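Novice: Make a model of this:
(chains A and B)
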Number of protein chains: 2
Amino acid sequence: MGLPGEPLAKVDHGGSLGRARALFPNAPEPFVDLSTGINPHSYPLFEIHATAFTRLPEAAQAQELAAVAARAYRAPSAGNVVAAPGTQVLLPRVASLVAPGRALVLGPTYAEHARAARIAGHEVVETRHFSALADADVAVVVNPNNPDGRVISRAELLDLAGRLRARGGLLVVDEAFMDVGPQAESLAGDVAQGGIVVLRSFGKFFGLAGIRLGFALAHKTLAERLDAQLGPWAVSGPALDYGIRALADTGWQDGMRERLAGDAARLDALLARHGAPVTGGTSLYRFLEFEGAGSLFRTLGEHGVLLRHFADRPHALRAGLPACQEEWQRLEAALASWARTRDHSGEEPRP
Amino acid sequence: MGLPGEPLAKVDHGGSLGRARALFPNAPEPFVDLSTGINPHSYPLFEIHATAFTRLPEAAQAQELAAVAARAYRAPSAGNVVAAPGTQVLLPRVASLVAPGRALVLGPTYAEHARAARIAGHEVVETRHFSALADADVAVVVNPNNPDGRVISRAELLDLAGRLRARGGLLVVDEAFMDVGPQAESLAGDVAQGGIVVLRSFGKFFGLAGIRLGFALAHKTLAERLDAQLGPWAVSGPALDYGIRALADTGWQDGMRERLAGDAARLDALLARHGAPVTGGTSLYRFLEFEGAGSLFRTLGEHGVLLRHFADRPHALRAGLPACQEEWQRLEAALASWARTRDHSGEEPRP
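Specialist: This is a model prediction of the structure:
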């Protein structure tokens, strides 16, 4: 099963300060990095015991993490949970659970899904029509969607999963942002039906993207196959420590969901006040699509405030949450500057 | 390319205190864990900046790690280096670089190679004859070998690689313990020839197995294919920080090599004094193969000193290095106890 020989183009992502500096070399530093959907209020850092760094991770601790994750995500059991060093490395493995065929990705969405399905040998088509997914060997839905926040209901997804399963197909639901989404639409509790893989990201909601931790939830047979691909010790000692503590801390999670919802509403109001209309997103990022997006991205970038833009969607932007009062103020000043430029150029703000 | 449906048996490894407790429930704790080949004198721990935990790893930092690793391992260039969260997760990906065929593993050796090659769809045969490897589609040599320390010369390996390459095959050389092996026999500098993948482990020599960091060194085309499989952010922020600092610290490395050689000699002398003959290994672990191995393993285990035994080789044992004076003393006391039992039972120590 040799891989395709042609180079697989790397996808451009947010979150790189190196790239920000190259784009805006004269911007004041530090950058206010709103280019990701990562929670700027991380789970409290704590002292990690030296053995988490020095010893091989213990199987018992990995089992504890799976159990805690199953409860946090409401998966049927720990046996349905595969822990990995981030969901990213799982994507080609999940796509490889089905023999090469036709992968349909509901888009526009996170670009790595298409790349991963191609690596797994699938012919990949991005479709904007949910109903088209039933023809796939692998169907991929990001729910809530990144970047626009669109949500597909659990009922619709289960119906799709049933159709795919009947033909030996697989439904992949990437719930990377479901921690701040409508929990009732999660398929985490349904994976034992088979033919469904739910992906959950740890680093985004808990603000710990650097430790690399993510999960696949699936029928035990699929979970075992994914586990075998990763082998023992896939998750680092520090990631085990943080995962076990943070996923069990429902108090922090509930409080954080409220705080992020408040921050998101504040961001919407601030953007609207300056003529930048939010049309979707989640509490971890807001989505804008309007004709002034290009000038907004540039002006904010020159002020050291970095949004996420999309090479193939010039009118779309995604904005993460400022981390602190200083960042809110820098964002507000940059927005005011952009609004002035726009007013002078006679450009009309659009609703 | 669906994976085989049958469950893939998990391999039993050293380094699990949970398993040790199950085997020796009455042993005094803490265990003196000599069941791994991980350096007990870890690279000095240092304070990691919070952003290593909270932010996505930066591409620029990953590139810096690749450059530092290329220098440390004497690979041709950073473009020949693939960094991963441990070499373990790379094994099935490396075996998948070649279409399913015949994988030959020079054994007995680290069992995960056979498992990974099977996952990649190969028919796997373990052979004790180096000359047999030339018939493989994928040939795997652990060099120096784990557990017995056997070394194959660079000249022999290059000759084998040439034969395999001529037929589209691949030579995988696992140099997990080459940091304490004969550097002149490393194939790290030869990977640009193609048809060779060299695996290097970070956690063993640097005593940081918990952070999960390892490398594949290969021709750029193969390196790009492996990189594409892992995707961005494969290596965690803390692993990047430790890797960049420790791999550049040649002073620490040189001093540690000397220290480990001294420890290994001390361990050999101690074992020999009690009638347990060391017949091979590396400075990170010693190999014993004699008829008393089973009783030695049991008696030491009951004293809370854990060696590595091998389910399919009842007369073989591997012993890692004690970490401190107290561990040396507990090992010595346990060995003395074993020698007394053996003398009473009239069993003859074998050379």
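Novice: what's around residue A:93, how many residues?
Specialist: For residue A:93, the count of nearby residues is 25 (other Cβ atoms under 10 Å in any protein chain shown). (Each C-beta comes from the backbone N, C-alpha and C, glycine too.)
Novice: Need the residues that contact the longest strand seen in chain A.
Specialist: As assigned by DSSP state E, the longest strand anywhere in chain A is strand A:313-320. Here strand A:313-320 makes contact (Cβ atoms under 8 Å, 6 or more residues apart in numbering or on different chains) with A:14, A:33-38, A:40, A:108, A:146-147, A:267, A:271, A:278, A:281, A:284-291, A:293-294, A:296-297, A:307-310.
Novice: From those, list just the buried residues.
Specialist: Listed as buried from the contacts of strand A:313-320 are A:14, A:33-38, A:40, A:108, A:146-147, A:267, A:271, A:278, A:281, A:284-290, A:293, A:296-297, A:307-310; burial here means 16 or more other Cβ atoms under 10 Å in any protein chain shown.
Novice: Can you show me the helices along chain A?
Specialist: Applying DSSP state H to chain A gives helices spanning A:17-23, A:50-54, A:59-73, A:91-95, A:112-119, A:154-166, A:220-230, A:237-248, A:250-273, A:293-302, A:325-344.
Novice: nearest to chain B, of those?
Specialist: Among the helices of chain A, helix A:237-248 comes nearest to chain B, with 3.1 Å by Cβ to the nearest Cβ.
Novice: and the stretch 101-250 of chain A, which residues reach chain B?
Specialist: A:112, A:115-116, A:119-121, A:203, A:207-212, A:221, A:224-225, A:228-239, A:242 (Cβ under 8 Å from any Cβ of the partner chain).
Novice: What subset of those is buried?
Specialist: A:112, A:115-116, A:119-121, A:203, A:207-212, A:224-225, A:228-239, A:242.
Novice: For residue A:232, what are phi and psi?
Specialist: Residue A:232 has phi and psi values of phi -70, psi 160 when expressed as degrees, to the nearest 10.
Novice: Surely it and residue A:59 touch.
Specialist: Yes: here residue A:232 lies in contact with residue A:59, judged by Cβ atoms under 8 Å, at a distance of 7.2 Å.
Novice: Which strand residues bridge the nearest residue to residue A:223 once chain neighbours are set aside?
Specialist: Ranked by Cβ to Cβ, 6 or more residues apart in numbering or on different chains and with sequence neighbours excluded, the top spatial neighbour of residue A:223 is residue A:82, at 5.1 Å. Bridge pairing for residue A:82 (DSSP bridges) gives the partners residue A:216.
Novice: Tell me how chain A divides into domains.
Specialist: Domain ranges of chain A: A:17-42+A:251-345, A:55-248, per automatic domain parsing.
Novice: With mean pLDDT as new columns, can the ones you listed be given to me in TSV?
Specialist: Compiled in TSV, the domains of chain A are given as follows (pLDDT from 0 to 100):
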stretch	mean pLDDT
domain A:17-42+A:251-345	95
domain A:55-248	97
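Novice: any chance of the ones you listed in CSV, with distance to residue B:191 too?
Specialist: Formatted as CSV, the domains of chain A follow (distance: least, Cβ to Cβ, whole Å):
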stretch, distance to residue B:191
domain A:17-42+A:251-345, 27
domain A:55-248, 22
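Novice: Can you report how many residues neighbour the spatially closest residue to residue A:29 that is not a sequence neighbour?
Specialist: The shortest distance from residue A:29 to any non-neighbouring residue, by Cβ to Cβ, 6+ apart, is to residue A:304 (6.4 Å). For residue A:304, the count of nearby residues is 19 (other Cβ under 10 Å).
Novice: ditto for residue A:127
Specialist: By other Cβ under 10 Å, the residues close to residue A:127 number 15.
Novice: looking at it, it is touching residue A:105, isn't it?
Specialist: Yes: if you go by Cβ under 8 Å, residue A:127 and residue A:105 touch, sitting 7.3 Å apart.
Novice: Show me whatever sits in contact with both of the two.
Specialist: Contacts common to residue A:127 and residue A:105, judged by Cβ under 8 Å, 6+ apart, are absent.
Novice: What strands line up against the longest strand of chain A, and which way round?
Specialist: Strands that pair with strand A:313-320, judged by DSSP bridges, come out as strand A:285-289 (antiparallel), strand A:308-310 (antiparallel).
Novice: Could you report the distance from the residue nearest to residue A:147 when sequence neighbours are not counted to residue A:200?
Specialist: Excluding the flanking residues, the one nearest residue A:147 by Cβ to Cβ, 6+ apart is residue A:318, at 4.2 Å. With distances taken as Cβ to Cβ, to the nearest Å, residue A:318 is found 20 Å from residue A:200.
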